[in-house]
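In: Task: produce atomic coordinates for the following.
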Amino acid sequence: MLEVRNLVFAYPDQESPWNFDFTVEPGQCIAVHGASGSGKSTLMNLLAGFLEPQSGDILWQNMSLRHHAPWHRPMTSVFQEHNLFEHLSVDANIGLGIHPGLKLTSRDQQAIDKGLQSVGLDGFGKRLPGDLSGGQRQRVALLRAILRQQPVLLLDEPLTGLDSDARDLLRQLLLDQKAQGTLIVLASHDEEDRRILADSIYKL
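Out: I've put the predicted structure just below:
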């Protein structure tokens, strides 16, 4: 279970701090909904450990993550910028999620190949990110996160800008992850994404 307990954060020039408080069970998706500037991306950065709250706590399975570095948290983030390495192939970008030194087994490579096929990018493994459209880059970033096999997925507008076929494909991929027990925190402006994926809504 992921518990966010009275998490308080404000930027230096911010008059009124944000206060986040919710609980999510494994295998569920909570959709964070609010206008631009309401704190959705800030919440994601707090959960991932890229920002430090003024007070409150984040617990996973009753253990505090408050002082854990991002790489020691049981979470994988997909942000709007995709964060792909431009000089590395699609295969290598995804492989870094599995092993940071790219020491991949044949089973790992098979998982990458199968994953690319599942997101409609079969045969794209040797391409560079610069050769991909924005939607294709988004799919690579999401697949990398999923193949890391962490119990919590943090998704900030992961399906924005995709065509309807790609969106349907990735929604099903995320539903499959939920069925396997992955907990998803989803920030999305899209009402249909929230309706299909979310078990609860956290309104900011």
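In: longest helix of the protein?
Out: helix 164-179 (DSSP state H).
In: Could you give the separation between the terminal residues of stretch 181-197?
Out: 14 Å (CA to CA, to the nearest Å).
In: May I see the buried residues of that stretch?
Out: Buried residues in stretch 181-197, counted by 16 or more other CB atoms under 10 Å: 182-188, 190, 193-194, 197. To be clear about C-beta, it is placed using only N, CA and C from the backbone, and glycine gets the same treatment.
In: and that stretch, how far from the chain's centre?
Out: 11 Å (CA atoms, centre = their mean, to the nearest Å).
In: Tell me which residues touch residue 127, please.
Out: The neighbourhood of residue 127, defined by CB atoms under 8 Å, 6 or more residues apart in numbering, consists of 89-90.
In: That one belongs to a strand, doesn't it?
Out: No. Residue 127: not assigned to a strand; according to DSSP: H, G, I helix; E, B strand; the rest coil it is coil.
In: next one: phi and psi at it?
Out: Main-chain torsions, residue 127, degrees, to the nearest 10: phi -80, psi 160.
In: what about it, distance to residue 183?
Out: For residue 127, the distance to residue 183 equals 32 Å [CB to CB, to the nearest Å].
In: low-confidence ranges in this structure?
Out: In the predicted model of the chain, residues 80-82 satisfy pLDDT under 70.
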